[in-house]
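A.B. asks: next come a sequence and a model predicted from it.
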Amino acid sequence: AAMMSPYKDDELRSLITSRLTRTFSMETVVVSSFIFYSPSDEDIYWRFAVDYKYSDEVKMTLGGNLFDGNKPHTDFATSDFNDNLYLKLTYGF
């Protein structure tokens, strides 16, 4: 027997997205932000990053992923404890 959820899902889910990117210092620094927001579920996922191109071969990235929501059963709110920051070093040859 399937377990019944105490939450009633909306038949339709609305989702708004936005991406902002800006370059600085002759394109050696790139700041970017990507947001998913659901007004129907009242939850959000925000992905952001700052890239620094040290040389033609070396790039460093500092970024993160943030999840939040007012209702604990919605898509992004269920990932609320998965927020993270990361540092990435890329070497290309």
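C.D. replies: Received it, and whenever you're ready, just let me know what you need.
A.B. asks: would you map the strands across this structure?
C.D. replies: 16-24, 29-38, 43-53, 58-69, 84-91 (DSSP state E).
A.B. asks: in CSV: those, plus mean pLDDT.
C.D. replies: Listed next are the strands of the chain as CSV, based on pLDDT from 0 to 100:
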stretch, mean pLDDT
strand 16-24, 97
strand 29-38, 96
strand 43-53, 96
strand 58-69, 95
strand 84-91, 97
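A.B. asks: and these, which is most packed in?
C.D. replies: strand 43-53 (a mean of 18; mean count of other Cβ atoms under 10 Å). The C-beta positions use only the backbone N, C-alpha and C, and glycine is treated the same way.
A.B. asks: among the strands of the chain, which comes closest to residue 77?
C.D. replies: strand 58-69 (2.6 Å; Cβ to Cβ).
A.B. asks: these two touch, right, residue 59 and residue 30?
C.D. replies: No. Shown here, residue 59 and residue 30 do not form a contact pair, counting by Cβ atoms under 8 Å, at 9.4 Å.
A.B. asks: contacts only, for the residue positioned nearest the centre of the chain.
C.D. replies: Of all residues in the chain, the one closest to the mean position by Cα atoms, centre = their mean is residue 47, 2.4 Å from it. By Cβ atoms under 8 Å, 6 or more residues apart in numbering, the contact list for residue 47 reads 33, 34, 35, 63, 64, 65, 66.
A.B. asks: go through those and name the one nearest residue 11.
C.D. replies: residue 35 (24.2 Å).
A.B. asks: the closest one pairs with what?
C.D. replies: residue 18, residue 46 (DSSP bridges).
A.B. asks: follow-up on the earlier one: need the strands of the chain in TSV (columns: distance to residue 78).
C.D. replies: Shown next, in TSV, are those (distance: least, Cβ to Cβ, whole Å):
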stretch	distance to residue 78
strand 16-24	19
strand 29-38	12
strand 43-53	9
strand 58-69	8
strand 84-91	15
